[in-house]
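Asker: can you look at this prediction? I've put the sequence above it.
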Amino acid sequence: MREREVLDLVARGLDNLAISRRLVLSPKTVRNHLSNILTKLQAATWAEVIVRARQAGLGES
């Protein structure tokens, strides 16, 4: 659930600090979620992660 929220915020263009503030998480927790997302999606780059998230409907206002 949190990973999806983090992924949505990444797709909206927020950086790690903004995500940690918005979700009231430590920056380390955000980094852990991002690492898990990258591994689960088996993506080579963050650009690929963002494209996939947007294709899935995340990051929309």
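Answerer: Perfect, I can see it now. Numbering: from 1, shown residues only.

Asker: name the helix or strand for the closest residue in space to residue 40 that isn't next to it in sequence, please.
Answerer: Leaving aside its sequence neighbours, residue 40 sits nearest to residue 3 (Cβ to Cβ, 6 or more residues apart in numbering; 7.7 Å). Backbone N, C-alpha and C define where each C-beta goes, glycine included. Element membership of residue 3 [criterion: DSSP states H and E] is helix 2-11.

Asker: so where's the protein shaky on pLDDT?
Answerer: 61 (pLDDT under 70).

Asker: ok, longest helix in it?
Answerer: Longest helix in the chain by number of residues (criterion: DSSP state H): helix 27-41.

Asker: by how many degrees do the next helix or strand after the helix holding residue 3 and helix 27-41 diverge?
Answerer: Tracing the chain past helix 2-11, the next element assigned as helix or strand by DSSP H and E is helix 16-23. Interaxial angle, helix 16-23 versus helix 27-41 (axes from the mean of the first three to the mean of the last three Cα atoms, to 10 degrees): 100 degrees.

Asker: list the buried ones in helix 16-23?
Answerer: By 16 or more other Cβ atoms under 10 Å, the buried positions in helix 16-23 come out as 16, 19, 20.

Asker: ok, the second one - contacts?
Answerer: To tie it back to what came earlier, the one meant is residue 19. If you count contacts by Cβ atoms under 8 Å, 6 or more residues apart in numbering, residue 19 has them with 6, 9, 10, 25, 30.

Asker: of all the buried residues of helix 16-23, which comes closest to residue 55?
Answerer: Nearest to residue 55 among the buried residues of helix 16-23: residue 19, at 20.3 Å, using Cβ to Cβ.

Asker: can you put the buried residues of helix 16-23 in a markdown table and add distance to residue 40?
Answerer: Shown next, in a markdown table, are the buried residues of helix 16-23 (distance: Cβ to Cβ, whole Å):
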| residue | distance to residue 40 |
| --- | --- |
| 16 | 18 |
| 19 | 17 |
| 20 | 20 |
